[in-house]
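Undergrad: Based on what follows, work out the 3D shape:
(4 chains)
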Number of protein chains: 2
Amino acid sequence: MARMSDVARLAGVSVTTVSHVLNGTRRVEQETKDRVLRAVEESGYRQDALARALRRSRTDSIGLVVSDAGEPAFAEMVHGVQEAAAAEGLTLLLANSDESPEREENAVRALLERRVDGMVLARVAGSRDEVLAELRGSDVPFVLMDRLGVDDADQVGADNDAAMRGLVRGLVGQGHRRMLLVAGDTRVPTLRERRDGFLAVVDEAGLDRADQFVVEGERGADTVPADIAAALATSLPTAVIACSTVLAAQTLEALQDARIAVPDDIALAVFDGFAYPDLFQPRLTTVRQPAFEVGAAAVRLLRERIADKDREPQTVRIPSVVQQRDSTAVGPALGRHA
Amino acid sequence: MARMSDVARLAGVSVTTVSHVLNGTRRVEQETKDRVLRAVEESGYRQDALARALRRSRTDSIGLVVSDAGEPAFAEMVHGVQEAAAAEGLTLLLANSDESPEREENAVRALLERRVDGMVLARVAGSRDEVLAELRGSDVPFVLMDRLGVDDADQVGADNDAAMRGLVRGLVGQGHRRMLLVAGDTRVPTLRERRDGFLAVVDEAGLDRADQFVVEGERGADTVPADIAAALATSLPTAVIACSTVLAAQTLEALQDARIAVPDDIALAVFDGFAYPDLFQPRLTTVRQPAFEVGAAAVRLLRERIADKDREPQTVRIPSVVQQRDSTAVGPALGRHA
DNA sequence: CTGAAAGCGCTTACAG
DNA sequence: CTGAAAGCGCTTACAG
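TA: Residues are numbered from 1 along each chain as shown, chains lettered A, B, ... in the order given. Model (predicted):
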């Protein structure tokens, strides 16, 4: 590989001049410039970003640690981060903690060693405090994505609370009085926010909390399918809300097993949802998380933080979109308990 | 940030010794070692991977350029690459060409400047020759993933041909004589291989090529939905095969629009498929590409190439799994033209 | 068992 | 308009 000194020799100038030509950092006579450029061409020179970064103590790269790159919503966020980073001329270093606190810590450490200019982090469910401490101690700017929860850091996520409230108010408006919320692992802030939004509307509407079913359950210890089945078996709710794609799949399966028809026997709404909701029968009412935008916003926030270390921490909530479809169409389900 | 010289001063040793302790590269007296480790602890020292890489001319990182990180199959491959890289202690630099040849070229260049130890590349449809030339000229080992096509480089993908042959032989065995293949953009090797596998079985079974429908179409210029509709409208085929998730969605939509029932009116099989195929009605016969394994294998191949620059180029094909479901159940569809 | 010093490939004051 | 030289933070022959 050709180095800058090779180019300099070839062009009959100093490396100083080569550097300035390449970076446009000072005036260089046109003729000299041409010679340098020709030498670059001839030698196939390519700048060494490592050496450059070492000298400038800036790598023009950011790290992204995501808890589950396999899940569709996260895959979309990764995509959003990727695109926004590319648009800013930043290289993306991707790590996946796979929902393991230990791997998360290792990933953060590895990225810090790589001297990333900043970091975007979607924390795992049982994320260790050390991770944030380490990040803070390192002075590397960071942004929390999707999994929020501290208020003295930049963070961006969907407006889970607002979206859930909107959805549930709609259902209550249709006449639903007994609902089943499949909430999942509420240690995860996203899911906790959705559950709390649900309960808030239940209270606000004057419904009896005892009439509602809330299925929670830690990821891994999978009691959720059984709990859904149990809830469906007892005094039947008239509407079900599933709070993530995985939970939606489990819910649909439970409904099929129990031969409960949507929307005739029960209304169904899902969060995040499936890639092609219109191909389902019935078409599924879906609260779509703006995952791509969340990822892009994380990069924007990070850039702003890098530019100004001292500004107030920001929390950005990006609106979700409720797509009303057939699965919550008003049907006989409501009549059953009327 | 503490540097190695800080640690050395704190421990009362040379940076040489600190380096050797940290890397385990030579014997150091236990007592000295302890002092160094304590100094590391005390100073919160963290090795600078940049400086290290510059000196060793190895970054312990690999680059991945993917043509469409948003598509489920690619998202899974990214996941596979990510996991395998992490297991090898390699950091992953991710770039997305978003099916643009220009962005692809830029991404490759940026990763080369970052001095990655190797590169995994899923090329875009109209990928420029310069990209491969540049890669070869750089002497950085690389592996082609999913989008294969040159035989003097390492490459890994699904066994598209074999999977398609198996599927079509099954359909022919059931009695299907007129089939519709929704092949998509056959400039993409993956899709071309699937189409060719289809045609091979048609010939092998002695079927008339004129009785088969093959819908092709460049990505972007989207004539595919109309062509599917047209094929369905004329002398109806008894089986449809869609060669990707996107094509499967378009096909399902066309079938719904035309009120053609699966599997009663027509059999349907899809490649790659949807995240939860069992939630569809009917459950979809799916040829599942081992995307995660393809990604993992790409990293393995790359590591082997890095270890031995001179070995023969390898082409690895990973078996797909045909999941027979209800959408190709033998039904009245076959009788219609009997 | 340990250290002084060169060098990886750049950028950037400093000087002219 | 241009160049000599220091230095970013490491690793690693070389020497003892």
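Undergrad: For DNA strand C, what's the nearest residue on the stretch 151-300 of chain A?
TA: Here the residue of the stretch 151-300 of chain A nearest DNA strand C is A:Val299; by CB to the nearest atom of the strand that distance is 23.3 Å. (Glycine included, C-beta is placed from N, CA and C.)
Undergrad: any idea which helix or strand carries that residue?
TA: Taking DSSP states H and E as the criterion, A:Val299 maps to helix A:291-307.
Undergrad: swap in A:Asp264?
TA: In this structure, A:Asp264 sits in neither a helix nor a strand according to DSSP H and E.
Undergrad: now do the one 4 residues further on
TA: Following DSSP H and E, one finds A:Leu268 within strand A:267-271.
Undergrad: Point out the residues in chain A that sit beside DNA strand D.
TA: Listed as neighbours of DNA strand D in chain A under the rule CB under 7 Å from any atom of the strand: A:12-17, A:20, A:26-29, A:31-32, A:51, A:54-55, A:57.
Undergrad: before we move on, the earlier item: now do the SS call for the nearest residue to the residue of the stretch 151-300 of chain A closest to DNA strand C once chain neighbours are set aside.
TA: Leaving aside its chain neighbours, A:Val299 sits nearest to A:Ala84 (3.7 Å; criterion: CB to CB, 6 or more residues apart in numbering or on different chains). Taken by DSSP: H, G, I helix; E, B strand; the rest coil, the conformation at A:Ala84 corresponds to helix.
Undergrad: Please apply the same query to the one 5 residues further on.
TA: Using three-state DSSP, the three-state assignment for A:Gly89 comes out as coil.
Undergrad: That one and A:Ser61 touch, don't they?
TA: No - judged on CB atoms under 8 Å, A:Gly89 makes no contact with A:Ser61 at a distance of 10.0 Å.
Undergrad: Please say which of those two ends up with more neighbours.
TA: A:Ser61 (22 against 9; other CB atoms under 10 Å in any protein chain shown).
Undergrad: What residues does that one make contact with?
TA: Residues in contact with A:Ser61 (CB atoms under 8 Å, 6 or more residues apart in numbering or on different chains) are A:Leu90, A:Thr91, A:Leu92, A:Leu93, A:Arg114, A:Val116, A:Asp117, B:Leu93, B:Arg114.
Undergrad: A:Leu92 bridge partners, please.
TA: A:Ile62, B:Leu94 (DSSP bridges).
Undergrad: which residues touch the residue of the stretch 151-300 of chain A closest to DNA strand C?
TA: A:Val299 touches A:Ile62, A:Gly80, A:Val81, A:Ala84, A:Ala85, A:Glu88, A:Leu90, A:Val120, counting by CB under 8 Å, 6+ apart.
Undergrad: now do 10 Å
TA: A:62, A:64, A:80-88, A:90, A:92, A:118, A:120, A:143, A:145, A:156 (CB atoms under 10 Å, 6 or more residues apart in numbering or on different chains).
Undergrad: Chain A - how does it break down into domains?
TA: Following automatic domain parsing, one gets these domains for chain A: A:4-47, A:60-158+A:291-318, A:160-289+A:322-337.
Undergrad: do the longest one and chain B meet at all?
TA: Spelled out, it's domain A:160-289+A:322-337. Yes - residues of domain A:160-289+A:322-337 contacting chain B under CB under 10 Å from any CB of the partner chain: A:245-246, A:248-250, A:252-253, A:255-256, A:274-276, A:278-282, A:284.
Undergrad: filter those residues to the buried ones?
TA: Among the residues of domain A:160-289+A:322-337 next to chain B, the ones that count as buried by 16 or more other CB atoms under 10 Å in any protein chain shown are A:245-246, A:248-250, A:252-253, A:255, A:274-276, A:278-280, A:282, A:284.
Undergrad: For A:Arg311, state which of these is nearest.
TA: Closest to A:Arg311 out of these is A:Thr245 (35.0 Å), distances taken as CB to CB.
Undergrad: From what I see, the closest one and A:Ala275 are in contact.
TA: Yes - the criterion here is CB atoms under 10 Å, and A:Thr245 meets it with A:Ala275 at 9.3 Å.
Undergrad: Next, show the common contact partners of those two.
TA: A:Pro72, B:Ala275, B:Tyr276.
Undergrad: Any chance of a markdown table for the residues you listed, columns secondary structure?
TA: Putting the shared contacts of A:Thr245 and A:Ala275 into a markdown table (three-state DSSP) gives the following:
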| residue | secondary structure |
| --- | --- |
| A:Pro72 | helix |
| B:Ala275 | coil |
| B:Tyr276 | coil |
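Undergrad: Can you tell me which of the residues you listed is nearest A:Arg195?
TA: A:Pro72 (21.0 Å).
Undergrad: list the contacts for the closest one?
TA: Applying CB under 10 Å, 6+ apart, the residues near A:Pro72 are A:244-246, A:272-275, A:289, A:291, B:70, B:72, B:75, B:275.
Undergrad: For DNA strand C, see how far away it is.
TA: Distance of A:Pro72 to DNA strand C, given as CB to the nearest atom of the strand, to the nearest Å: 40 Å.
Undergrad: Mind putting the shared contacts of A:Thr245 and A:Ala275 into TSV with pLDDT?
TA: TSV is the format used below for the shared contacts of A:Thr245 and A:Ala275 (pLDDT from 0 to 100):
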residue	pLDDT
A:Pro72	81
B:Ala275	83
B:Tyr276	84
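Undergrad: closest to A:Pro237 among those residues?
TA: Nearest to A:Pro237 among those: B:Tyr276, at 22.6 Å, using CB to CB.
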